[in-house]
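> Compute the structure for the input listed below.
(chains A and B)
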Amino acid sequence: MKRIASVIVMQARDWRTWLLGSWIVLGATFVICLLIALSIDVLWRGSIPVYGGAVPCLAVVMLAVAIGTVGGTFPFAVGFGIRRSDYLLGTLAWSVAYCASWAILLGLLSLIEASVIKNWGVGLHFFHLPILSDGSPLRQFCWPSPPYNLSCAYSDPNYVRGGSSLQQLWVSFVLLLFMYLLGLLLGSIYQRFGRTGEFFFFGIVFLLLNVFVLLSSYWQWWGTISGWLVQQTAAALGVWLVPVMAIFALASYALLRKATV
Amino acid sequence: MNRVVEVSNLSKSFGRVVAVNQVSFSIEAGKIYGLLGRNGAGKTTIMRLITAQLFPTSGEVKVFGAHPYENSRVLSQICAVSDRQKYPNGYRVLDVLEQAAFFFPQWDQEYAFALVEAFRLPLSRLMKALSRGMLSAAGVIVGLASRAPLTIFDEPYLGLDAVARSIFYDRLLEDYAEHPRTVILSTHLIDEISRLLEHILVIDQGRLVLDEDAEALRGRAFTVVGPAARVDTFTAGKELLARSPLGGQVAATIMGNRNMEDRKQAEALGLSLAPVSLQQLLVHLTSEQSARKAVEVR
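Model prediction:
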C-alpha cells in the first residue's frame, strides 16, 4: 500500500507535465473560441451561437499526457525499485483522481457559463455543452445547417437544458478517464514493444475497423447501429465505456508486467 | 555467511547477441564489490538483471534470498544508480530527492542535502537541463543517501570532474564506515576506485573471468622501479607482466608474491618495490583469459 501511495505522490509531483500542458492548451483554445465568438458577435450582432468544446479538447490533452506519463515515470519508478504492479495501481488511482478533479473544475466552469456570466457575454458555448449532457450526442449531426435550422436540437428539451449537473460531471469524467487510459495503453505498448509494437497495434486496429465497416455495410447493420446510438444519452454511452476502460487497464498491466527499463 | 546476491548460470541474450553468458557468483553482506570490465562486457546487463529491470534468458538471480521480480521486500532494499536512469520530464533536482524519500525506506534527507552542497548541485534546476556531470552527481547523491542495504553504482561518474569523483570516493568510504552495507561499483575506470574495493569480479565478453578478494589479487603481482639495466637483472627468469620506461628509469610489473628473497635482491640492486596497479594486472589477466579462449576455439 505504501509503495502504491509513493507512486501516486510521484505522479502528483510531476505537475509541470500534467498541469501546465493542459492549462495552456485549454486556455489557448478558450481564448481562440472567445475571439471568434466576439468577432461574430460584433459582425452579426450575436445572432449565431459559437460552439467550442472544453471536454473534447481536454480529452485530447489527457491522451497526450498519459502517453508521456508512461515513458516519463515508468523507467524512473522501476529503476528505483518500484514493482511494476504497484506502478500501475498507483498510476490508475492517480488518473482517477486527476480526471475527477478536472471533471469537477469543468463542472464549475460550466455552471459559470450557464448561470453567472451567460455564455461569456458573446454567445460562446464552451464548457456548458448540450451534446455532452443528457441529450443524445448524435443529435449534433442535426447542426450542419445553422443558424436557421436548429429545430431538431431545440425539439429536445434536454438538449438545451444540458441535463443534470451530476450527469454532466459523469460524462466529462468518464470521457477524460477513457482518453487517459487509452494513453496509458499506448504508452505501455511503446514501453513493452517500442516503435514496432505501436506500428503493429495501429495496423491491427486499422484492419479490424476496416473489416467491421465492410461487414456492417454488407449485412446492412448501419441502421441498427445508428438507431441504437441515437437512443443512448451521453451518460449512458459513458457507462458503456467503463468495460472498455477496464480492458485498457488490464492490457496495460499485462504489457508493463513484462516491460524492461 | 550472509549472501546478499546469488547468481547462478545466468545468461541473457538480445537476439543473437549473448550479453551475459553462464555467469555464477555470490555477493556477501557488508563489502564493497567492484564489477569490472571493458565497455560492452555485460556489466550493466548483470546489474539490470539483479534489480529485475531485465529478465534473464536462463539461470537464476536471488537477492536477499528471494527472486527480485515484483518482490517489494527485496526491491525496497536495493538502490541501483545508473547513468541510464531516467527522470520524469517535469522533475527538478529537489523533486528527485523528495521523491527518493518515498522510494527508499532508509533515506536520509539531511545527508542528501549535505551532499547537494558538496557537489554544488542546483536544487531548482530541471533534471533534463542538467549537464552530464551534474546528472551523474544527482545519481550519486541518491545512491549514497538511500542507505539501501544493497547499493549499486553502475558507471556513476560519467562526466564527473576529478574533484567531484574524489568527493564521491571519500563520502562513500565515510558513509560505508558509519552505515555498513553492501556496495557494488561497476566501472571500467579501475585504478581510481581500486583502493575502495574489497572484492573484485571481472566480466569479459559476457563471461565472469575473475572472482577474487582484492587483497589476494594485489598480492599476485608487484612493481619494481629503478635504472633499466638493474631492473632487467632483477626481472630475469621472472614472469614479466609489463615494462614501461619512465625517463632513465624503468617500471616493471612482475607476477608473483613479493617474498623476502625478492626484497633482498631488490635492496641489493638499489631498486624500489611497489604494489601493482590493479588496472595493469586486470588487463593482463583478462587478455590472458581471452588468449586462452582463442586457443580453445582454434
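> Closest residue of the stretch 1-150 of chain B to chain A?
Residue nearest to chain A within the stretch 1-150 of chain B: residue B:90 (2.9 Å; CB to the nearest CB). Every C-beta, even on glycine, is put in place using the N, C-alpha and C of the backbone.
> Roughly how far does the residue lying closest to that residue once chain neighbours are set aside sit from residue A:72?
Excluding the flanking residues, the one nearest residue B:90 by CB to CB, 6 or more residues apart in numbering or on different chains is residue A:16, at 2.9 Å. Between residue A:16 and residue A:72 the computed distance is 11 Å (CB to CB, to the nearest Å).
> okay, the two: which has more neighbours?
The residue with more neighbours, out of residue A:16 and residue A:72, is residue A:72; 21 against 15, by other CB atoms under 10 Å in any protein chain shown.
> looking only at pLDDT, what's the mean for the helix or strand hosting the more buried one?
Assigned by DSSP states H and E, residue A:72 belongs to helix A:54-79. Average pLDDT, helix A:54-79: 94.
> How far off centre is it?
13 Å (CA atoms, centre = their mean, to the nearest Å).
> what do you get for stretch B:272-286?
Centre-to-centre, stretch B:272-286 and its host chain are 16 Å apart (CA atoms, centre = their mean).
> Ok, stretch B:190-206 next?
The answer for stretch B:190-206 is 5 Å, by CA atoms, centre = their mean.
> anything in contact with each of residue A:16 and residue A:72?
Listed as contacting both residue A:16 and residue A:72 by CB atoms under 8 Å, 6 or more residues apart in numbering or on different chains are residue B:89.
> CA atoms only: put stretch B:181-200 into PDB for me.
This file holds the C-alpha atoms of stretch B:181-200, laid out as PDB (Å, rounded to 0.1, in the frame of the first residue of the first chain):
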ATOM      1  CA  ARG B 181      26.000  -2.100   3.700                       C
ATOM      2  CA  THR B 182      26.800  -3.900   0.500                       C
ATOM      3  CA  VAL B 183      28.000  -1.800  -2.400                       C
ATOM      4  CA  ILE B 184      28.600  -2.800  -5.900                       C
ATOM      5  CA  LEU B 185      30.700  -0.400  -8.100                       C
ATOM      6  CA  SER B 186      30.600  -1.200 -11.800                       C
ATOM      7  CA  THR B 187      33.200   0.600 -13.900                       C
ATOM      8  CA  HIS B 188      36.000   0.400 -16.400                       C
ATOM      9  CA  LEU B 189      38.000   3.100 -14.600                       C
ATOM     10  CA  ILE B 190      39.700   0.700 -12.400                       C
ATOM     11  CA  ASP B 191      42.700   2.400 -10.900                       C
ATOM     12  CA  GLU B 192      40.700   5.300  -9.400                       C
ATOM     13  CA  ILE B 193      38.500   3.100  -7.400                       C
ATOM     14  CA  SER B 194      40.800   0.200  -6.700                       C
ATOM     15  CA  ARG B 195      41.500   1.500  -3.200                       C
ATOM     16  CA  LEU B 196      37.800   1.200  -2.300                       C
ATOM     17  CA  LEU B 197      37.300  -2.300  -3.400                       C
ATOM     18  CA  GLU B 198      37.300  -5.400  -1.200                       C
ATOM     19  CA  HIS B 199      36.300  -7.900  -3.700                       C
ATOM     20  CA  ILE B 200      36.600  -7.900  -7.500                       C
END
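> count of neighbours near residue 218?
Using chain A here. 8.
> right idea, wrong chain: chain B
What residue B:218 shows, counting by other CB under 10 Å, is a neighbour count of 18.
> Repeat that for the one 5 residues further on.
Summarising burial for residue B:223: neighbours were counted as other CB under 10 Å, giving 20.
> List the residues that contact it.
Residue B:223 makes contact with B:251, B:252, B:253, B:254, B:273, B:274, B:275, B:276, B:277 under the criterion CB under 8 Å, 6+ apart.
> Please name the nearest non-neighbouring residue to it.
residue B:274 (4.5 Å).
> Who are the packing partners of the strand or helix carrying that neighbour?
Taking DSSP H and E as the criterion, residue B:274 maps to strand B:272-275. Where contact means 3 or more CB pairs under 8 Å, 6 or more residues apart in numbering or on different chains; DSSP states H and E, strand B:272-275 is packed against strand B:221-227, helix B:260-269.
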